[in-house]
Structure formats: C-alpha cells, structure tokens
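*Asks:* sequence plus the predicted model coming up.
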2 protein chains.
Amino acid sequence: MNRIKVIIFDDNDSLRDSVAMLLKESGDFTLVGAYADCLDVTNSIRDTKPDVVIMDIDMPGMNGIEAVKVIRNNFPTVQVLMFTVFDDDEKVFAAIKAGAGGYILKNADPQNLLYAISEVHNGGAPMTPGIARKVLLQFQNMLPDENKDYHLSQREKEVLALLVEGHPYKMIGSKLNITYDTVRAHMKKIYEKLHVASMTEAVAKAINQKLFPAK
Amino acid sequence: MNRIKVIIFDDNDSLRDSVAMLLKESGDFTLVGAYADCLDVTNSIRDTKPDVVIMDIDMPGMNGIEAVKVIRNNFPTVQVLMFTVFDDDEKVFAAIKAGAGGYILKNADPQNLLYAISEVHNGGAPMTPGIARKVLLQFQNMLPDENKDYHLSQREKEVLALLVEGHPYKMIGSKLNITYDTVRAHMKKIYEKLHVASMTEAVAKAINQKLFPAK
DNA sequence: CCGGATACTACCAAATTTGGTAGTTGATAT
DNA sequence: ATATCAACTACCAAATTTGGTAGTATCCGG
C-alpha cells in the first residue's frame, strides 16, 4: 500500500518538526509539505497533491477554518484533519461545517494523530473522545424532535412541504394537480392536526419539530 | 482501577457468548448481565447497575432503539453502546437521537468493541469510521448556514420574531405599540433584505438560517 | 449641513388566506 | 354492510397580506 501523502499547516515551528519526525518514523506516511500559514493554501495543495491535510486553527493571516473552506471547495477529494488546542463548541462546529473530516486535539497521544490520519484517509471521521461526544450531543439536539406524529396523511405532508417552501395555495394546487379548494381542505385538516391557525404557525411548527431539512 | 461493568442485550445466543468470552479474557470488564430481549430492561438495569450497556437493535419484543430511550430516561448515567449490523442512516440517527453514546458495527474487529466500551465509559463517542463519517456529513448539513447577516435592524428583528411566533400584523403592532401600517413598512423592508415575498418564506428563512430558538 | 439609514404613519387596490358549510368517491376497517 | 377516513371539489363572506406610493422625524457620519 502506498504511503499516505500528508501536508501540515501550523505556525508552531517545533510542532511541525515533531510531526514531521513522527510521520517519518512511522513509515506509513510521507510529509509532502509543511507551512506556517495558509496564505497560499491553494497553490500549496495544488503543487503537493496531498491525501490528507493536517490543519491548525490559530494562524497568522488566514485562520485554519477559512482555509478548510477553501480546500474543500477546490479539492473535494482532499481530507482535512483539524489538529488544534481549541475544544470550544464554536470552533469545533465551525470546522466541521467548513468541511473538516476529523478533529484531533493537540493534547492527545501523538500515536492518535497517526491513527487519525489513516482513519480520515479511509473515509472515517476521527475525533478526540471529548470532541466526538460534543458533536454527538449537539447532533442529538438537532435531530427532529420526537417524531411527534401529528398523523398527517401523505397528501397533507406534501401540501405542508410546499407551504414551507413559500408557495401560495394556488401554486401548491397546480404542483399537486389538485384544485385550489382541495388545497384549502387539506390546509384546514393540517391546521386542525397541528393545532395552529395560520400559515406562519404551521410553517414554524413544521420546521421546528418536524421534518423538512433545513436549507 | 475498577473493572467496567457491562451488560448486553442481543438475541443472538452465540454472539452473547463470544462477547462474554471476549470481556472475560480482556480482564478490564465484568459482564454483569446478558439478555436476549429488552422486555425487562428497566429491572435488568436496576438490578445489575452496569456502567455500559451493549445494545443490539433487531430483537423480538422491544427493539434496541426503544430500549435506549427507556434506559436514558431512567438511568441517565448509564452509557449505551449500539452494537449491530445496521448501518443505514435511519437506524443510526434514530439510535443517536434516542441517546446512544456510541455506535459500533458487528463486522468490526472484536478488539474495537473492547476499546469502544472503554471509550464510551470515559465520555467519548466511539463509532465505526463509516458511521462517524455518516454522522459528520449529516451534522454538516444541519449546522446553521453561514450566519448570514441580513442587516436587519433591531426593530425588524423584533417584528420578524413575532411573525415567526405566528402573530398577524395587527397583533405585532399592538405588542410593539406601533401602527399596523408601520408593521407593514417593516415587513416590506424585511422581505427586501431577506429576498423573500411572503410570510411563510420569511418564517422559513428566519428559522432555517437564523436564530429564533426552536421550541 | 446633507445624504442615508431607521422608525414611524397613511391610503388604495388587488391578491391571498381563513372559517364555515356541503357533498362525492374509493378504500379500509369493524 | 356500514362507519370511517383520505382525497377531492365547491361557494360565501370576512380577515389578512401584499405592492405601490407618500410623507414626517430623528440620528449619524462625512
């Protein structure tokens, strides 16, 4: 199996050296680049064609999270592994949102970094235990609430979905090939089942505690 | 360090035996219970007081995901580690939503199970790489979109907030002590700034990519 | 001192939504 | 076979929303 090509962005010189040493000793990786900032990310990636990018967050010029966005937008196949000291929700979630494939804290066992690189390269999502738990908890809260079943019929769900997208009755009717009055009939049922009395309430309720993925 | 007390729910007899053997050999765990179904989960947990529960999904009577809900509601400190063959989004997310602290596939290396038990017990969130990636991807999509600043003025935010709660213009006006027409003026501005043209779109956009806590 | 943003008020006409009542059809359940 | 439910259509009257146009007042920064 070929060695995994790794590139690192971190403004701590000695840390870059340590990682370089670590990678070299392991024998499974090849360090193809090491930079103290992300000002020239695009070129660096294009030139070195790494499999995995190890990314710090706090760096002069462009911060690591912005860099992740750039990388993910221009090199969708390159995996980014965050490697930082920050464990606050804001940074963690921002990094994930930006497209990071893993998040390892610097205080973890060095061996974990190596394992994480392999894992992220293999389609996994390595995370320091605490980070993983953080993500899981947040994830739990974001998942649709108690699929509270309002017993909406299939048709009613279709109507509600279009309503949430902002379509007026007549538009919903034509999309569903039914009459304006039929749409109204469904809406009345929906209001009844959802215990609401207006479009806005229905939309809010639909989005908040039910289906319909956020865009 | 004390051994971690483990209990397992799985309708596969030979698998329960294998796990029992595995745990015994490792020396770090104590199997305090093994059941083929979850019909009596509450009592089982109360009696054996485990640290970690290994939970299958497909079982006769009560399925594992329902069982997780029961456990999490009654024994908040007990960690549940899913151990199953299912890797479809629906089951995975349902389990996490139910409160599972980890999700390991049965086709993984047995050694991983042991590691996962320790990890979940230590506040981590062990997941098979593929599952972790699944969760991460879903998580990315659910995270609020670029807290885009639509430059709404304070007043406009107030109006929008009330709109999201389902109040009609006149109600908003009286709550804010302003005229119906003033509310309308704000709404026009809001529509302009949000690039929408109806209450429903405004509400959907407000909830989806902005603040206004879900209820 | 003036342009621009924010907050506020007003009126008109048209479009949309809401609540009620009423009925047909087909499938499913008791 | 009879009751129930989902889906569908229809009409009336009232309430609500929307798009336009118009104007006043205050505050802020160049």
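*Replies:* That came through fine. Numbering: from 1, shown residues only, chains lettered A, B, ... in the order given.

*Asks:* now residue A:196: closest residue in space that isn't a chain neighbour?
*Replies:* residue A:202 (5.0 Å; C-beta to C-beta, 6 or more residues apart in numbering or on different chains). Any C-beta I mention is one placed from the backbone N, CA and C, and that applies to glycine too.

*Asks:* got the angle for the helix or strand that neighbour falls within vs helix B:199-209?
*Replies:* Element membership of residue A:202, judged by DSSP states H and E, is helix A:199-209. Note on geometry: by axes from the mean of the first three to the mean of the last three C-alpha atoms, to 10 degrees, helix A:199-209 and helix B:199-209 are set 20 degrees apart in direction.

*Asks:* for helix A:199-209, C-alpha coordinates in PDB please.
*Replies:* Output in PDB follows, covering the C-alpha atoms of helix A:199-209 (Å, rounded to 0.1, in the frame of the first residue of the first chain):
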ATOM      1  CA  MET A 199     -49.600  29.600   7.600                       C
ATOM      2  CA  THR A 200     -46.800  31.000   9.700                       C
ATOM      3  CA  GLU A 201     -47.600  28.900  12.700                       C
ATOM      4  CA  ALA A 202     -47.800  25.800  10.500                       C
ATOM      5  CA  VAL A 203     -44.500  26.600   8.900                       C
ATOM      6  CA  ALA A 204     -42.800  27.300  12.100                       C
ATOM      7  CA  LYS A 205     -44.100  24.100  13.700                       C
ATOM      8  CA  ALA A 206     -43.300  22.100  10.700                       C
ATOM      9  CA  ILE A 207     -39.700  23.300  10.600                       C
ATOM     10  CA  ASN A 208     -39.100  23.300  14.300                       C
ATOM     11  CA  GLN A 209     -40.400  20.000  15.400                       C
END
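
*Asks:* the residue lying closest to residue A:126 once chain neighbours are set aside: what secondary structure?
*Replies:* Spatial nearest neighbour of residue A:126, excluding adjacent residues (C-beta to C-beta, 6+ apart): residue A:116 at 3.7 Å. Secondary structure state of residue A:116, per DSSP: H, G, I helix; E, B strand; the rest coil, is helix.

*Asks:* is it true that residue A:116 touches residue A:104?
*Replies:* Yes: between residue A:116 and residue A:104 there is a contact under C-beta atoms under 8 Å: 4.9 Å.

*Asks:* any common contacting residues for the two?
*Replies:* Shared contacts of residue A:116 and residue A:104, defined by C-beta atoms under 8 Å, 6 or more residues apart in numbering or on different chains, are found at A:81, A:126.

*Asks:* for burial, what's the neighbour tally of residue A:90?
*Replies:* Number of residues near residue A:90 (other C-beta atoms under 10 Å in any protein chain shown) recorded here: 9.

*Asks:* what's the answer for residue A:21, then?
*Replies:* 12.

*Asks:* over to residue A:88?
*Replies:* Neighbours of residue A:88 (other C-beta under 10 Å): 9.

*Asks:* now it: how far from residue B:209?
*Replies:* Counting by C-beta to C-beta, to the nearest Å, the gap from residue A:88 to residue B:209 is 22 Å.

*Asks:* for the residue of chain A found nearest DNA strand D, which non-adjacent residue is spatially closest?
*Replies:* For chain A, the residue closest to DNA strand D is residue A:153, as judged by C-beta to the nearest atom of the strand, at 2.7 Å. Nearest non-adjacent residue to residue A:153, counting by C-beta to C-beta, 6+ apart: residue A:189, 7.8 Å away.

*Asks:* pretty sure the one you found contacts residue A:157?
*Replies:* No: contact between residue A:189 and residue A:157 fails when scored by C-beta under 8 Å: they sit 11.3 Å apart.

*Asks:* ranges for the strands of chain A?
*Replies:* Assigned strands in chain A, in chain order: A:4-9, A:29-35, A:52-55, A:79-84, A:102-105 (criterion: DSSP state E).

*Asks:* what's around residue A:92, how many residues?
*Replies:* 24.

*Asks:* and the pLDDT at it?
*Replies:* Confidence at residue A:92, expressed as pLDDT, is 93.

*Asks:* residue A:103 versus that one, what's the distance?
*Replies:* 6 Å.

*Asks:* so what sits against both of the two?
*Replies:* Common neighbours of residue A:92 and residue A:103 (C-beta under 8 Å, 6+ apart) are residue A:131.
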